[in-house]
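1. turn this into a model:
(2 chains)
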Amino acid sequence: MANLRIIDRRQNPSGKSLGNRQRFMDRAREQLRKAIKENIRQRSISDTQSGETVVIPADGTHEPVFRHDSETGERSRVLPGNKEFRAGDRIPRPSGGAGRGGSEGSEEGEGEDAFAFTLSRDEFLDLLFEDLKLPDLVKKQLKSEETEKPKRAGLTTSGPANRLNLVRTARRSLVRRAALSRPKQDVIVQMERELERLEHEEITPADGRSAERRIAELREQLERARQKRARVPFIDPMDLRYNRLEHRPQPIAQAVMFCLMDVSASMDEDMKALAKRFFLLLHLFLERHYDNVEVVFIRHTQHAEEVDEQTFFEGRQTGGTVVSSALKEMLRIAQARYPLADYNIYVAQASDGDNVRSDIETCINLLEGRILPITQYMAYVEINPPMRGRRNIARRGESDLWHGYAELAERRPNLAMRRISEASDIFPVFRDLFKSEGQTS
Amino acid sequence: MTVQDIRPAKPLFSGADWDFDTLQRTFDAIERVALEDLGLDPYPTRLEVITSEQMLDAYAATGMPVMYPHWSFGKRFAQQELLYRKGYQSLALEIVINSDPSLCYIMEENTMATQATVIAHAAMGHNHFFKHNQVFQAWTAPDTILDDLRYARSFVKACEDRHGRHAVEQVLDAAHTLFAHGVGRDKAQRPDPLEQRERLRRRRREALEAMDELWLRTVPHALADEEEDAKEAYRDAERRALGLPEDNLLLFLESHAPLLEDWQRELLCIVRQLATYFEPQRQTKMMNEGCATWCHFEIMNRLRDRGEIDEGAMLEFLHLHAHVVAQPDFDQRGYPGINPYALGFAMMRDIARICTAPTREDEEWFPEIAGNDDPIGTLRWAWSEFRDESFVRQFLSPKLIRDWRMFRLRDDAEDPEYLVEAIHDEAGYRKIRSALADLYDPAAQQPRIEVVDADLRGDRKLHLRHWVHDGQQLDALETRRVLRHIARLWGYEVRLTEVEEDGEELGSYETAEL
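-> As a prediction, the model looks like this:
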């Protein structure tokens, strides 16, 4: 029958809604940012592979309509499945808003229905790292000689033989030979053969001239042609073209992040949790920029040791505090496993600032002399537990370590330091530390 | 009888897989039953096979194949996607578009038995309903809808290029909040053809220019302040000229908002036309699904009787059908309300029963159709002449009320208890029937709001009125939000008063001047 056409649309692109999805995300951007900030608190450092389901308030993406307030007036309903009711029965109202109308959804309170949806990993990270950039990242990439890679970039007139561009050279040679009318080899061969046959009297000139005159003429022509071939070479130096190679810096695709933390008794669980969130953010950010990010956890008391993530955050040790032990350990590992040519090095140190007074000088020397020169960026966060003082007001006096670092930080722009005293400080601190150049908070 | 009908037929297909030949063969067989046995007359059909991804896309854009861009469709997509991916909700098996020829999307994941059901359901049932129901005939222009949407999309995009996305969004956001108030309740308004719109707009612009403030200030007013009566009469005349009171808020704003530019009016018009296009679906949802469900049930059974569908496919079909018409009781967990498929299908079956095997009760209640022995003709007549509200009022039978054990509940917000007003007994049938009919009447369910005054010569304050019915007032927060949108379109203050039917004013909302 002619009433039907079947069309296979499966090959048509799906994702027609992507544009609208983008518009929706633009619209919900502020709420998404907040939701993600919340979300970060519950993630493990290395879990950056998955997307996220975020819940945002519907405010801003809410589409209001005129509707009745179910708290007012009276209405009739018709329902199926009566079991025991008789006309005139009275039924207590179920508590809460649910079950009253069924399909109306929540409309209580401010009417801010929460709205949950799934962000892809890229969408998640994009929102998280919008307008952030690690300092000196680009600079380091440009200056590190070892990682330059040759890249073809046009032609030059000189160069080693192995870079000769045959096609371009032959083309130029052909053009030049044609322009200067260099006699071709087969023309010469033809003349030579005619001359030979004339000399052997195998042929006579067709125009009736004497053989001698023709031979003389031919000899002269042949001589001119040979001279011209000698003057106009097949390949002239000016034909030569070589591939030009430029050395372009190759961005280092790997980074290593050293997490240093003081685990002596003065760092309690809450302080460690704060530190963890800071490390997590740094890791997420590095993942964004490098194909491969390795994380090394070094904890220390008066001794430092490399541990796995779980031990790092959960294990407890007692002992004093010698910060330089961690710095030395970090240097040792960096030299042993992470050549500067292949890795960009980041250091994140979290501490409550306690240190043996005599060690501070050592720390500063280590940092200035050996660590900072090879490090992209070092972030030091000093964690001031909220118990000991309210932010900015009754804060504990600055620690000795802080003092030492602060002096150094003035001279070395790749050392940054901040204080954290509660969870909500972390995100702003992070943003502050890695804010794109030219932006102000 | 043709030779083919006598010969025991071979099944059209076996197994779950389908291909295009099978689809074509099955469609032909289904169409034969639909046209010859059931006397259906659908639009020609275009079946489009799509993937589940594409089905999600289609969902988000209100099911239409072409749609203008707007963030709210992205929001809908995000919601649907989450529900689908987490398995809370399966996708519709099909989407059918009321257009001529009609477009019917079917998913590639469907089994062949499902495809057959979907063809019978949508391509025959819905399609016949679209073509013959008088509400659809009065409100939609299926031959031009896709062109209109294409125009809308390119117009919206052009506006975004010229005026920026934000400016366009502001108008569309506001228009969307008034979507349900973009149709006149009393008069059906078929959309104007494109070329007419330009003319209309020009006329409107001229009318507005005539109202220009300069004119208003410089022409001496014949009406001195003391002549209050004459002034009032003049205002009345002006209100009449504006067509007040007007319950089509979108139309009013599009025509009379003083500060809107042409492109903004056109955007309102686009949304209004879309609202008009969808209005019949709102008014006939239950009947439409009932019709389609009845058709697929009837067609599949007849095909089985002829041996064209084998037992395996039939079992699969019955399982699917049972899922579609499931109706949980009110006290079951997650009771979703009355399932339009279930009630529609039950009512269609019930009407067929009344036509062929009426009881004394049926004869008393439905003297015009009881025992007329023409179930299919009667159904076709009902499909064309009624909408949900009038259909329930006309055809909901005592038997069905008993079968479903329906009861009517009074929910008074002042009262800590519900009152059972009626149950499935002699005293209750009519009460239940009329309450259910009201529930299917969009005009009765949706707040009734109209423009009552616009004072174009004075402060240009727009006055809206909400007719409060049974004490049901507006949700205050939502109302303030919607009014902000209206004020943005109107450009001046907006006031909404809530008025009881006896004229008593219950309260009012006011927006500050923008």
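2. pretty sure residue A:197 contacts residue A:203?
-> Yes: between residue A:197 and residue A:203 there is a contact under Cβ atoms under 8 Å: 4.8 Å. In short, each C-beta sits where N, CA and C put it, glycine included.
3. pLDDT value on the closest residue to chain B within the stretch 151-300 of chain A, please?
-> Here the stretch 151-300 of chain A gets closest to chain B at one residue, residue A:284, 23.0 Å apart by Cβ to the nearest Cβ. The pLDDT attached to residue A:284 in the predicted structure is 71.
4. same check on residue A:143?
-> 38.
5. and the residue nearest to residue B:387 when sequence neighbours are not counted, what does it touch?
-> With sequence-adjacent residues excluded and distances taken as Cβ to Cβ, 6 or more residues apart in numbering or on different chains, residue B:387 is closest to residue B:283, at 4.4 Å. Residues near residue B:283 by Cβ atoms under 8 Å, 6 or more residues apart in numbering or on different chains: B:135, B:387, B:388, B:389, B:442.
6. host element of residue B:283?
-> helix B:262-305 (DSSP states H and E).
7. so which residues of chain A form strands?
-> A:4-8, A:52-57, A:74-79, A:90-92, A:114-119, A:148-156, A:242-249, A:254-262, A:292-300, A:304-307, A:343-351, A:377-383, A:415-420 (DSSP state E).
8. number of residues surrounding the residue nearest to residue A:153 when sequence neighbours are not counted?
-> Once flanking residues are discounted, residue A:153 sits nearest to residue A:246: 4.0 Å by Cβ to Cβ, 6+ apart. Residue A:246: 11 surrounding residues under other Cβ atoms under 10 Å in any protein chain shown.
9. next: residue A:196.
-> 12.
10. stretch B:314-331 and chain A, any residue contact?
-> Yes: using Cβ under 8 Å from any Cβ of the partner chain, stretch B:314-331 reaches chain A at B:327, B:328, B:329, B:330, B:331.
11. in that stretch, what counts as buried?
-> Within stretch B:314-331, the residues scored as buried using 16 or more other Cβ atoms under 10 Å in any protein chain shown are B:316, B:317, B:320, B:321, B:324, B:325, B:327, B:328, B:330.
12. would you map the helices across the stretch 251-400 of chain A?
-> With helices called from DSSP state H, counting those that start in this stretch, the stretch 251-400 of chain A shows them at A:269-289, A:309-314, A:323-337, A:357-366, A:372-374, A:400-411.
13. and the residue of chain A closest to chain B?
-> Closest to chain B within chain A is residue A:81: 2.6 Å, counting by Cβ to the nearest Cβ.
14. just give the closest residue to residue B:73, not the sequence neighbours.
-> residue A:20 (4.2 Å).
15. so who does that neighbour touch?
-> So residue A:20 contacts B:60, B:61, B:69, B:70, B:71, B:72, B:73, B:74, B:77 (Cβ under 8 Å, 6+ apart).
16. let's see it at 6 Å
-> Counting by Cβ atoms under 6 Å, 6 or more residues apart in numbering or on different chains, residue A:20 touches B:69, B:73, B:74.
17. got a winner among those for most neighbours?
-> residue B:74 (26 neighbours).
18. for the stretch 251-400 of chain B, which residues are neighbours of chain A?
-> Applying Cβ under 6 Å from any Cβ of the partner chain, we find that the stretch 251-400 of chain B lies next to chain A at B:329, B:330, B:335, B:337.
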